[in-house]
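**Student:** Generate a structure from the sequence data that follows.
(one chain, ligands or ions: 1)
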Amino acid sequence: MPKAPLDLSLPTVRLAGYWIRLSDGRIKCQLCQRACTLRSNQQGMCRNRVRKDDQLYVITYGNLSILELKPIENTPFYHFYPGSLSLAVGSWFCNLACIWCQNHEITRSDPPMNQDDIFYVGKKALMRQAKIKGATGILFSYNEPSVSLFEYSRDVIPLAKKEGLYTGYVTNGYFSLDALEELVELGLDAVHVDLKGCAPKINPYMGGKMEVIWAFLRKAWDLDLHIEISTLVIPEITDSPRCITDIARRVSRELDASIPLHVLKYYPFFRAELFGVTAVPSDEIILRQAALAREYLNYVYVGNIEQRTIYDDTRCPRCDAIVIQRNKITVTKNFLTRDHSCPNCGEKIPITGNITARDQSFLYSIAISDHASREDEYWVMKTRSPKRNLVDSKKEEQHS
Ligand code: SF4
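**Tutor:** Reported below is the predicted structural model:
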């Protein structure tokens, strides 16, 4: 139940999409696979969607927790406009319940819901920011964008396409396949999917079912989206050789061996301690899992580890030459030919978009001063002055 009555005059409260009225008077939300049924004043499991009277509203339209310019490799996307800067937006809440959520400050706390505290960014204002900051594209990320920013992204994506910007979703893959199809029709270019692990072990830790995410991936592949996948290596839960082998084999058989897989080191956050999931895997385990995945997939990367490894660069799957060199999340050299072929053996490397090589890291935030820490960012977001809202003009809003 929402804590206060819904203020329909807020720009962040909009009529929601993808729901139907049932014959018994309840409203069924069909945006994600949870399929919540709601009576008056009830909130969906995600908490983004609230029923008021006979309508369903989303309360986080353009209601941002973060707005950040960052290298796309930070997502991580390694084969999609490598080296580009993305304007990434995040909002609030999620439709899964992972006990180790590293973004729990925004997925598990309430967004500001009054005019003075919301950080609202209009769709045209977002386009202006992208231009001013030199972003090559827009990413919907951080919390689960499908449940929080679906209607917003539906408005933003066509504008971004007009401006020549790419668009991507960083998602848990738990939303409706029809909704995904609609976003693709509007121009969505890419998805990065968090493939949580292997069923049945992982299901209770995330409060969902892995098969739903596999079905989402198959649909994304059928829709010809650029896909990259991450999987977290968690001691005792997802760190077995069998689990990573199953994941890599399924990606290769049900999708394609050319899909990049990012094998990420786990660190405990949020309620991990409560559930006793506090151990951190060694770098050796991460590298072993990456090597096992490489048996089935052409492009495997590792993340969240300090040392430089052979899994930082993009290598040609045929001759093993380095074709894109990276220093952590910065692309430092591009050796590919104009048509993205290996200069050594001619193998075509599946890269979407242009490649931008740089010689330094470009990680910085545009939402706050450059020196602030991540904790400061969230603090600033939550207590943001209304003057920081980036709004569309009245005329632009009328054309929403
Ligand atoms: S989007 Fe939210 S309200 Fe709708 S089905 Fe999913 S969890 Fe429930």
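**Student:** where do the helices sit along this protein?
**Tutor:** Here the chain has its helices, by DSSP state H, at 104-107, 123-133, 145-148, 150-162, 177-186, 203-206, 210-222, 241-250, 283-294, 374-382, 394-398.
**Student:** Out of those, which is the most enclosed?
**Tutor:** Of the helices of the chain, the one with the most neighbours on average (mean count of other C-beta atoms under 10 Å) is helix 145-148, at a mean of 28. C-betas here are computed from N, CA, C, even on glycine.
**Student:** Which strands and helices lie in contact with it?
**Tutor:** If contacts are counted by 3 or more C-beta pairs under 8 Å, 6 or more residues apart in numbering; DSSP states H and E, helix 145-148 sits against strand 166-171.
**Student:** Could you name the helices and strands sitting against the strand it packs on?
**Tutor:** Using 3+ C-beta pairs under 8 Å, 6+ apart, strand 166-171 is in contact with strand 137-140, helix 145-148, helix 150-162, strand 190-194.
**Student:** could these go into a markdown table alongside mean pLDDT?
**Tutor:** Shown next, in a markdown table, are these (pLDDT from 0 to 100):
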| stretch | mean pLDDT |
| --- | --- |
| strand 137-140 | 97 |
| helix 145-148 | 97 |
| helix 150-162 | 98 |
| strand 190-194 | 98 |
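**Student:** Of these, give the one that comes closest to Ala257.
**Tutor:** Counting by C-beta to C-beta, Ala257 lies closest to strand 190-194 out of the helices and strands packed on strand 166-171; the figure is 16.5 Å.
**Student:** quick one, that closest one and strand 166-171 angle?
**Tutor:** Taking axes from the mean of the first three to the mean of the last three C-alpha atoms, to 10 degrees, one finds that strand 190-194 is oriented at 20 degrees with respect to strand 166-171.
**Student:** what's the spacing between strand 190-194 and its chain's center?
**Tutor:** Here the centre of strand 190-194 is set off from its chain's centre by 6 Å, with C-alpha atoms, centre = their mean, to the nearest Å.
**Student:** partners of that strand in the sheet?
**Tutor:** Strand pairing for strand 190-194, determined by DSSP bridges: strand 166-171 (parallel), strand 226-233 (parallel).
**Student:** And the closest residue to the ligand within the chain, how far from Arg294?
**Tutor:** Nearest residue of the chain to the ligand: Gly44, at 2.0 Å (C-beta to the nearest ligand atom). Distance check for Gly44 against Arg294: by C-beta to C-beta, to the nearest Å, it reads 40 Å.
**Student:** And Trp92, by the same measure?
**Tutor:** Going from Trp92 to Arg294 by C-beta to C-beta gives 37 Å.
**Student:** Next, count neighbours for Lys333.
**Tutor:** Applying other C-beta atoms under 10 Å, we find 16 residues neighbouring Lys333.
**Student:** cool, and Leu69?
**Tutor:** Neighbours of Leu69 (other C-beta under 10 Å): 20.
**Student:** who's it bridged to?
**Tutor:** Leu87.
**Student:** Kindly report the residues of this structure close to the ligand.
**Tutor:** Residues of the chain lying near the ligand by C-beta under 6 Å from any ligand atom: 29, 31-32, 34-36, 44-46, 48-49, 95, 147.
**Student:** Mind putting those into a markdown table with distance to Ile213?
**Tutor:** Formatted as a markdown table, the residues of the chain next to the ligand follow (distance: C-beta to C-beta, whole Å):
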| residue | distance to Ile213 |
| --- | --- |
| Cys29 | 19 |
| Leu31 | 16 |
| Cys32 | 12 |
| Arg34 | 13 |
| Ala35 | 16 |
| Cys36 | 19 |
| Gly44 | 19 |
| Met45 | 17 |
| Cys46 | 16 |
| Asn48 | 19 |
| Arg49 | 21 |
| Asn95 | 12 |
| Val147 | 15 |
